[in-house]
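Participant: pasted the sequence and its predicted model underneath.
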Amino acid sequence: MPARGVELAVGGLVPLSAGDLPGRLSAVVFLQGCPWDCGYCHNPHLRPAGGGEPGGWERLLDFLRRRRGLLDAVVFSGGEPTLQDALPDALDAVRALGFATGLHTGGAYPERLRAVLPRLDWVGLDVKAPFDDYARACGVPGAGAKARESARLLAAGGVEHEFRTTLHPNLHSADSLLRLAADLKGLGARRWVLQEFRALGCAREDYAGARPWLPDPALRERLAAAVGSFAIRRA
Ligand code: SF4
(Lines give C-alpha, C1' and ligand atoms only; values in the text may rest on other atoms or scores of the structure.)
Protein backbone atom coordinates (compact mmCIF):
# COMPACT_ATOMS: atom_id res chain seq x y z
CA MET A 1 0.00 0.00 0.00
CA PRO A 2 1.73 3.21 -1.04
CA ALA A 3 0.88 5.59 1.78
CA ARG A 4 -1.73 7.99 0.34
CA GLY A 5 0.08 7.84 -2.96
CA VAL A 6 3.43 8.80 -1.39
CA GLU A 7 6.01 6.07 -1.72
CA LEU A 8 8.18 5.39 1.27
CA ALA A 9 11.81 5.60 0.15
CA VAL A 10 13.28 2.34 1.42
CA GLY A 11 17.08 2.22 1.32
CA GLY A 12 17.66 -1.16 2.96
CA LEU A 13 16.36 -3.93 5.21
CA VAL A 14 17.76 -6.10 7.99
CA PRO A 15 15.22 -8.94 8.03
CA LEU A 16 15.90 -10.12 11.59
CA SER A 17 17.43 -8.29 14.53
CA ALA A 18 17.37 -9.03 18.25
CA GLY A 19 19.08 -5.79 19.22
CA ASP A 20 17.24 -2.89 17.61
CA LEU A 21 14.11 -2.85 19.75
CA PRO A 22 14.80 -4.17 23.26
CA GLY A 23 13.18 -7.50 24.04
CA ARG A 24 11.65 -8.00 20.60
CA LEU A 25 12.62 -9.71 17.36
CA SER A 26 12.45 -7.03 14.70
CA ALA A 27 12.90 -6.29 11.05
CA VAL A 28 14.79 -3.03 10.59
CA VAL A 29 13.84 -0.83 7.62
CA PHE A 30 16.37 1.82 6.61
CA LEU A 31 14.82 4.91 5.05
CA GLN A 32 16.59 7.16 2.61
CA GLY A 33 17.55 10.74 3.41
CA CYS A 34 18.99 12.71 6.33
CA PRO A 35 19.51 16.49 6.71
CA TRP A 36 22.52 16.12 9.00
CA ASP A 37 26.19 15.31 8.38
CA CYS A 38 27.61 13.54 11.43
CA GLY A 39 31.31 12.72 11.17
CA TYR A 40 30.85 9.24 12.62
CA CYS A 41 27.86 8.29 10.41
CA HIS A 42 28.10 4.64 9.41
CA ASN A 43 25.25 4.88 6.86
CA PRO A 44 26.47 7.77 4.65
CA HIS A 45 24.88 6.15 1.58
CA LEU A 46 21.47 6.79 3.19
CA ARG A 47 22.03 10.54 3.61
CA PRO A 48 21.00 11.76 0.10
CA ALA A 49 17.23 12.17 -0.08
CA GLY A 50 15.85 10.25 -3.00
CA GLY A 51 13.41 7.67 -4.13
CA GLY A 52 15.08 4.65 -2.59
CA GLU A 53 14.65 1.30 -4.32
CA PRO A 54 11.74 1.34 -6.84
CA GLY A 55 8.87 -0.72 -5.40
CA GLY A 56 10.75 -1.10 -2.15
CA TRP A 57 7.74 -0.42 0.08
CA GLU A 58 5.54 -2.94 -1.76
CA ARG A 59 8.22 -5.59 -1.49
CA LEU A 60 8.66 -4.79 2.17
CA LEU A 61 4.95 -5.25 2.85
CA ASP A 62 4.99 -8.61 1.04
CA PHE A 63 7.94 -9.65 3.17
CA LEU A 64 6.18 -8.59 6.37
CA ARG A 65 2.99 -10.46 5.48
CA ARG A 66 5.09 -13.62 5.28
CA ARG A 67 6.72 -12.87 8.65
CA ARG A 68 3.52 -12.57 10.68
CA GLY A 69 3.91 -14.75 13.77
CA LEU A 70 7.69 -14.90 13.31
CA LEU A 71 8.63 -11.28 14.04
CA ASP A 72 7.40 -9.05 16.86
CA ALA A 73 8.16 -5.60 15.51
CA VAL A 74 9.32 -3.37 12.67
CA VAL A 75 11.84 -0.63 13.41
CA PHE A 76 12.16 2.32 11.04
CA SER A 77 15.73 3.58 10.96
CA GLY A 78 17.85 5.60 8.55
CA GLY A 79 18.89 8.07 7.47
CA GLU A 80 16.33 10.17 9.32
CA PRO A 81 12.98 8.36 9.04
CA THR A 82 10.87 11.35 10.09
CA LEU A 83 12.03 13.15 6.93
CA GLN A 84 9.54 11.10 4.93
CA ASP A 85 5.95 12.23 4.48
CA ALA A 86 4.83 8.62 4.13
CA LEU A 87 6.09 7.52 7.56
CA PRO A 88 2.79 7.94 9.49
CA ASP A 89 0.85 5.82 7.02
CA ALA A 90 3.66 3.28 6.87
CA LEU A 91 3.51 2.90 10.66
CA ASP A 92 -0.27 2.43 10.45
CA ALA A 93 0.17 -0.23 7.77
CA VAL A 94 2.76 -2.09 9.84
CA ARG A 95 0.55 -2.02 12.93
CA ALA A 96 -2.41 -3.25 10.86
CA LEU A 97 -0.31 -6.34 10.07
CA GLY A 98 0.01 -6.98 13.80
CA PHE A 99 3.56 -5.77 14.42
CA ALA A 100 4.79 -3.44 17.14
CA THR A 101 6.54 -0.34 15.81
CA GLY A 102 9.90 1.22 16.64
CA LEU A 103 11.77 4.31 15.45
CA HIS A 104 15.42 5.32 15.39
CA THR A 105 15.71 9.08 15.04
CA GLY A 106 18.08 11.96 15.61
CA GLY A 107 15.18 14.28 16.36
CA ALA A 108 15.78 16.63 13.43
CA TYR A 109 12.02 17.24 12.99
CA PRO A 110 10.31 17.57 16.38
CA GLU A 111 6.87 18.36 14.93
CA ARG A 112 7.02 15.26 12.76
CA LEU A 113 8.15 13.22 15.74
CA ARG A 114 5.20 14.56 17.73
CA ALA A 115 2.85 13.45 14.93
CA VAL A 116 4.13 9.86 14.84
CA LEU A 117 4.56 9.25 18.59
CA PRO A 118 0.99 7.89 18.98
CA ARG A 119 1.83 5.30 16.32
CA LEU A 120 4.97 4.05 18.05
CA ASP A 121 5.69 1.44 20.72
CA TRP A 122 9.34 2.35 21.22
CA VAL A 123 11.78 5.12 20.18
CA GLY A 124 15.59 5.25 20.26
CA LEU A 125 16.66 8.91 20.09
CA ASP A 126 20.30 9.69 19.32
CA VAL A 127 21.59 12.52 21.46
CA LYS A 128 24.86 13.40 19.84
CA ALA A 129 26.34 16.01 22.16
CA PRO A 130 25.32 18.65 24.69
CA PHE A 131 22.53 20.53 22.92
CA ASP A 132 24.60 23.74 22.75
CA ASP A 133 27.35 21.85 20.89
CA TYR A 134 25.27 20.14 18.21
CA ALA A 135 26.55 22.02 15.18
CA ARG A 136 29.98 20.50 15.73
CA ALA A 137 28.48 17.01 16.01
CA CYS A 138 26.16 17.04 13.03
CA GLY A 139 27.41 19.92 10.90
CA VAL A 140 24.16 21.92 10.81
CA PRO A 141 23.52 25.20 12.67
CA GLY A 142 20.35 25.15 14.76
CA ALA A 143 20.24 21.38 15.03
CA GLY A 144 20.65 21.43 18.83
CA ALA A 145 17.37 23.28 19.43
CA LYS A 146 15.51 20.74 17.30
CA ALA A 147 17.17 17.79 19.01
CA ARG A 148 16.41 19.27 22.43
CA GLU A 149 12.72 19.72 21.56
CA SER A 150 12.49 16.14 20.27
CA ALA A 151 14.15 14.89 23.46
CA ARG A 152 11.73 16.94 25.55
CA LEU A 153 8.73 15.50 23.71
CA LEU A 154 9.99 11.98 24.20
CA ALA A 155 10.88 12.35 27.87
CA ALA A 156 7.52 13.97 28.61
CA GLY A 157 5.45 11.45 26.66
CA GLY A 158 4.28 7.94 27.41
CA VAL A 159 6.13 6.01 24.69
CA GLU A 160 8.82 3.59 25.84
CA HIS A 161 12.22 4.89 24.75
CA GLU A 162 15.93 5.28 25.27
CA PHE A 163 18.36 8.11 24.64
CA ARG A 164 21.62 6.93 23.17
CA THR A 165 24.94 8.61 22.49
CA THR A 166 27.63 7.24 20.19
CA LEU A 167 30.96 7.99 21.81
CA HIS A 168 33.74 9.39 19.68
CA PRO A 169 36.94 11.06 20.88
CA ASN A 170 36.55 13.84 18.27
CA LEU A 171 33.30 14.87 19.96
CA HIS A 172 33.29 13.71 23.53
CA SER A 173 35.27 14.23 26.68
CA ALA A 174 34.46 13.85 30.35
CA ASP A 175 33.35 17.48 30.38
CA SER A 176 31.03 17.21 27.36
CA LEU A 177 29.43 14.02 28.67
CA LEU A 178 28.80 15.60 32.06
CA ARG A 179 27.18 18.58 30.33
CA LEU A 180 25.04 16.21 28.26
CA ALA A 181 24.12 14.29 31.42
CA ALA A 182 22.96 17.56 32.96
CA ASP A 183 20.89 18.32 29.84
CA LEU A 184 19.22 14.91 30.01
CA LYS A 185 18.60 15.17 33.73
CA GLY A 186 16.93 18.54 33.16
CA LEU A 187 14.59 16.92 30.64
CA GLY A 188 13.70 14.09 33.01
CA ALA A 189 15.30 11.40 30.82
CA ARG A 190 14.83 7.94 32.25
CA ARG A 191 17.20 5.76 30.21
CA TRP A 192 20.54 6.64 28.57
CA VAL A 193 22.85 4.28 26.70
CA LEU A 194 26.40 5.13 25.65
CA GLN A 195 27.35 3.29 22.48
CA GLU A 196 30.89 2.47 21.45
CA PHE A 197 31.80 3.88 18.04
CA ARG A 198 32.07 1.37 15.16
CA ALA A 199 34.31 2.37 12.27
CA LEU A 200 32.50 0.00 9.88
CA GLY A 201 30.82 2.07 7.16
CA CYS A 202 32.20 5.41 8.38
CA ALA A 203 33.35 7.42 5.35
CA ARG A 204 35.28 10.16 7.19
CA GLU A 205 38.95 9.30 7.65
CA ASP A 206 39.34 11.71 10.56
CA TYR A 207 36.61 9.78 12.40
CA ALA A 208 37.11 6.20 11.15
CA GLY A 209 40.78 6.18 12.15
CA ALA A 210 40.33 7.41 15.72
CA ARG A 211 40.82 5.10 18.67
CA PRO A 212 37.52 4.16 20.35
CA TRP A 213 37.02 5.76 23.74
CA LEU A 214 34.86 4.79 26.72
CA PRO A 215 34.47 6.61 30.04
CA ASP A 216 36.32 5.21 33.03
CA PRO A 217 34.32 3.71 35.94
CA ALA A 218 34.37 6.89 38.03
CA LEU A 219 32.96 8.95 35.15
CA ARG A 220 30.37 6.27 34.38
CA GLU A 221 29.13 6.50 37.94
CA ARG A 222 28.68 10.26 37.67
CA LEU A 223 26.88 9.95 34.32
CA ALA A 224 24.61 7.17 35.61
CA ALA A 225 23.46 9.41 38.47
CA ALA A 226 21.69 11.67 35.93
CA VAL A 227 19.16 9.06 34.79
CA GLY A 228 17.23 6.14 36.27
CA SER A 229 18.74 3.56 33.91
CA PHE A 230 22.21 3.78 32.36
CA ALA A 231 24.21 1.33 30.23
CA ILE A 232 27.26 1.01 28.00
CA ARG A 233 26.69 -0.79 24.70
CA ARG A 234 29.91 -2.25 23.30
CA ALA A 235 30.48 -2.32 19.53
S1 SF4 B 1 21.72 11.73 11.88
FE2 SF4 B 1 22.24 9.54 11.64
S3 SF4 B 1 21.98 9.11 9.41
FE4 SF4 B 1 22.06 11.35 9.67
S5 SF4 B 1 24.22 11.88 9.29
FE6 SF4 B 1 23.92 11.64 11.53
S7 SF4 B 1 24.47 9.48 11.97
FE8 SF4 B 1 24.13 9.65 9.72
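Facilitator: Perfect, I can see it now. Numbering: from 1, shown residues only.

Participant: alpha carbons only for contacts and neighbour counts from here, please
Facilitator: OK.

Participant: now the residue nearest the centre of the chain: which helix or strand?
Facilitator: With the centre of the chain defined as its mean C-alpha position, the nearest residue by Cα atoms, centre = their mean is His104, 2.8 Å away. Following DSSP states H and E, one finds His104 within strand 100-105.

Participant: just give the number of residues close to the nearest residue to Gly139 once chain neighbours are set aside.
Facilitator: Nearest residue to Gly139 in three dimensions, chain neighbours excluded: Asp37, at 5.4 Å (Cα to Cα, 6 or more residues apart in numbering). Neighbour count of Asp37, defined by other Cα atoms under 10 Å: 15.

Participant: same question for Glu221.
Facilitator: Each residue near Glu221 was counted by other Cα under 10 Å, and the total is 12.

Participant: which pLDDT does the model give it?
Facilitator: Looking at Glu221, its pLDDT is 96.

Participant: ditto for Ala108
Facilitator: On the pLDDT scale, Ala108 gets 98.

Participant: could you do Met1 as well?
Facilitator: 49.

Participant: the ligand contacts on the chain?
Facilitator: The chain comes close to the ligand at residues Cys34, Trp36, Asp37, Cys38, Cys41, Asn43, Pro44, Arg47, Gly78, Gly79, Glu80, Gly106, as judged by Cα under 6 Å from any ligand atom.

Participant: what subset of those is buried?
Facilitator: With burial judged by 16 or more other Cα atoms under 10 Å, the buried subset of the residues of the chain next to the ligand is Cys34, Trp36, Cys38, Cys41, Pro44, Arg47, Gly78, Gly79, Glu80, Gly106.

Participant: could you export those as JSON lines, including distance to Arg136?
Facilitator: Compiled in JSON lines, those are given as follows (distance: Cα to Cα, whole Å):
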{"residue": "Cys34", "distance to Arg136": "16"}
{"residue": "Trp36", "distance to Arg136": "11"}
{"residue": "Cys38", "distance to Arg136": "9"}
{"residue": "Cys41", "distance to Arg136": "13"}
{"residue": "Pro44", "distance to Arg136": "17"}
{"residue": "Arg47", "distance to Arg136": "18"}
{"residue": "Gly78", "distance to Arg136": "21"}
{"residue": "Gly79", "distance to Arg136": "19"}
{"residue": "Glu80", "distance to Arg136": "18"}
{"residue": "Gly106", "distance to Arg136": "15"}
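
Participant: okay, now the unreliable bits of this structure?
Facilitator: Scanning the chain for pLDDT under 70 picks out the ranges 1-6.

Participant: ok, which stretches of it are helices?
Facilitator: Applying DSSP state H to the chain gives helices spanning 56-66, 87-96, 110-116, 134-138, 143-156, 174-187, 205-208, 217-224.

Participant: between those, which one is nearest to Val74?
Facilitator: For the helices of the chain, proximity to Val74 was assessed by Cα to Cα; helix 87-96 is nearest, at 7.3 Å.

Participant: give me phi/psi at the residue nearest to Gly139?
Facilitator: Main-chain dihedrals, Asp37, degrees, to the nearest 10: phi -140, psi 70.

Participant: what residues does it make contact with?
Facilitator: By Cα atoms under 8 Å, 6 or more residues apart in numbering, the contact set of Asp37 is Arg47, Cys138, Gly139, Val140.

Participant: so what's the residue nearest to Thr105 when sequence neighbours are not counted up against?
Facilitator: Among residues not flanking Thr105 along the chain, Leu125 sits closest, at 5.1 Å (Cα to Cα, 6+ apart). Contacts for Leu125 (Cα under 8 Å, 6+ apart) come out as His104, Thr105, Gly106, Gly107, Ala151, His161, Glu162, Phe163, Arg164.

Participant: hey, what's Leu125 bridged with?
Facilitator: Thr105, Phe163 (DSSP bridges).

Participant: I am finished for the moment; much appreciated.
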